[in-house]
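Enquirer: Here's a sequence, model it:
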Amino acid sequence: MDLKALIPRGLFARSLLIIVLPVAIMQMVVTYLFFDLHWEQVSRRLSEGAAGDVALVTQLYADNPTPENLASITNYARADLRLSVALQKQAKLPERDRLAVIPAFDRTLRRALSGSLRQKFWFDTTRYPDYVDIRVEVPGGVLRFLAYRDRVFASTGGIFILWLAGATILLATVSVLFIRNQVRPMERLADAAERFGRGENVSLKPAGSAEVRRATLAFLQMRGRIQRHIEQRTNLLAGVSHDLRTPLTRLKLQLAMMPPSSDIDEARKDIVEMEGMLEEYLAFAQGQWSEEREVLDLAEIARAIIQDVARAGRDIDGSGLADSLPTSGRPIALKRCLSNLVENALSFGQTVALSSSQSEDAIYIYVDDDGPGIAPESYEEALKPFSRLDPARNQNRKGVGLGLALAYDAARSHGGNLVLSRSTLGGLRVSVRLPL
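Expert: Below you'll find the predicted structure:
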């Protein structure tokens, strides 16, 4: 058996195990030593003394089984031996034993009575809280003895166990509260890191032990540096795009004032393509950080894209879409993600289909086309920014190779994923997974 499989994986459970397990082992050892070295020895001596008194009274009655002798023995036992004695004429010993909750009680008393009595006997340590019922078979009936419990067993055993159990429960409760208080800041830190990775704005204050506080401060500093880097990248590319739009606008005006010709038309197409490339650069630079998450229906977004494509004169099969796909996310980013995938599919295939499925914890959107597809060994390369797989799919295609990269970034920023595979239509299938 692999011991690692038995070790809890969570920090809270491991910390609790480190504290509680040694205490539990110590308590068991102390309990065993107490019962073995103290309680059982004291109880054995008490039980032997009580058994000797029972044997004495039984022998005195057996020597002279008359009512007068019985009355004398009863008075003697009550006054000097603290035993209540009564004769049950023509009675029999009970056939069933009543077992004690703690087996040591019965074991100790049975051993003592067996060593002192020659007659058959029966006893019950459970019926009365303050007495022990002992019965001995004699000619003509049964002698019944009621002995005080503290005459038969050490009375400190139950109190000791009660105090031990109370101390254990108290220690375990304090340990749970203390460890939980130490683990909670780490859980908040892990949750904040995960949400920040999905592009959410989270507030986090350092708390907990000094080590956790240092880790939280390091995370906050790292988050600030990442956000500054994103802002600088966005501002840089936004400035470059703005600066390049100015000469492009002048070129468009100059071309508009020139006499029409085929060369002028080609130049205009080049300018439009350059503007598209600038917009694509800027969208990639902005990423997913400028939009807040909200509850949305991904099926509605997909159907809106199908309608936009239909207005442009192309058809998409959306019969595989569910009626509703509710989730939480950034609507503009998700629409850009699906739009990029649809535009990519339309660029390389004649038939494009949108479908969906749902599991217990995620929803899936599939974009299929009947184009040339991508070789499986090139899937990872196709998801990288500025990747152009010219031999297979990108001959004379517009764009700079950011469509799949933007869609992949959008899916990952929502805590999901984007996977490429072979489509049943013969081309490429892009599967987008988003958590519920």
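Enquirer: only C-alpha atoms for contact and neighbour calcs from this point on.
Expert: Fine.
Enquirer: Wait, residue 385 touches residue 405, no?
Expert: Yes: in this structure, residue 385 is within contact of residue 405 by CA atoms under 8 Å, at 5.2 Å.
Enquirer: neighbour-wise, which of those two wins?
Expert: Between residue 385 and residue 405, residue 405 has the larger neighbour count (other CA atoms under 10 Å), namely 21 against 17.
Enquirer: Determine how far the helix or strand hosting the more buried one lies from the middle of the whole chain.
Expert: Residue 405 is part of helix 403-413 when elements are defined by DSSP states H and E. Centroid separation for helix 403-413 versus its chain: 29 Å, with CA atoms, centre = their mean, to the nearest Å.
Enquirer: tell me what that helix is packed against?
Expert: Contact here means 3 or more CA pairs under 8 Å, 6 or more residues apart in numbering; DSSP states H and E; on that basis helix 403-413 packs against helix 331-348, strand 417-422, strand 428-435.
Enquirer: Parallel or antiparallel, list what pairs with the last one.
Expert: To tie it back to what came earlier, the one meant is strand 428-435. The partner list of strand 428-435 in its sheet, established with DSSP bridges, is strand 362-369 (antiparallel), strand 417-422 (antiparallel).
Enquirer: Kindly reformat those strands as JSON lines containing mean neighbour count.
Expert: Output for the strands paired with strand 428-435, formatted as JSON lines (neighbours: other CA atoms under 10 Å):
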{"stretch": "strand 362-369", "mean neighbour count": "23"}
{"stretch": "strand 417-422", "mean neighbour count": "18"}
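Enquirer: quick one, which of the ones you listed is nearest to residue 200?
Expert: Shortest separation from residue 200 across the strands paired with strand 428-435 is recorded for strand 417-422, at 16.7 Å, computed as CA to CA.
Enquirer: I'd like the average pLDDT over that closest one.
Expert: Looking at strand 417-422 alone, the average pLDDT works out to 91.
Enquirer: for stretch 154-168, same thing?
Expert: The average pLDDT within stretch 154-168 is 74.
Enquirer: contacts for that stretch?
Expert: Outside of stretch 154-168, the residues within contact range by CA atoms under 8 Å, 6 or more residues apart in numbering are 23, 24, 27, 31, 35, 39, 42, 43, 46, 149.
Enquirer: do that again at 10 Å, thanks
Expert: The list of residues contacting stretch 154-168 from outside it, by CA atoms under 10 Å, 6 or more residues apart in numbering, reads 20, 23-24, 27-28, 30-31, 34-35, 38-47, 102, 105, 149-150, 169-174.
Enquirer: Just the ones of these in helices?
Expert: 20, 23-24, 27-28, 30-31, 40-47, 105, 149-150, 169-174 (DSSP state H).
Enquirer: what sits against the residue located most distally from the centre of the chain?
Expert: Most distant residue from the mean C-alpha position of the chain: residue 68, 77.0 Å away (CA atoms, centre = their mean). With CA under 10 Å, 6+ apart as the criterion, the residues that contact residue 68 are residue 74.
Enquirer: one more time with 7 Å, if that's ok
Expert: In this structure, residue 68 makes contact with no residue, judged by CA atoms under 7 Å, 6 or more residues apart in numbering.
Enquirer: buried set for stretch 329-336?
Expert: When neighbours are counted by 16 or more other CA atoms under 10 Å, the buried residues of stretch 329-336 are found to be 329, 330, 331, 333, 334, 335, 336.
Enquirer: Report the mean per-residue pLDDT for it.
Expert: Mean predicted confidence for stretch 329-336 is 84.
Enquirer: of the strands paired with strand 428-435, which approaches residue 225 most closely?
Expert: Using CA to CA and comparing those, the one that lies nearest residue 225 is strand 417-422, at 25.2 Å.
Enquirer: any idea how far residue 279 is from residue 265?
Expert: 21 Å (CA to CA, to the nearest Å).
Enquirer: Tell me how the chain divides into domains.
Expert: 3-158, 290-435 (automatic domain parsing).
Enquirer: With distance to residue 232 added, can I get the ones you listed in JSON lines?
Expert: Converted to JSON lines, the domains of the chain look like this (distance: least, CA to CA, whole Å):
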{"stretch": "domain 3-158", "distance to residue 232": "38"}
{"stretch": "domain 290-435", "distance to residue 232": "14"}
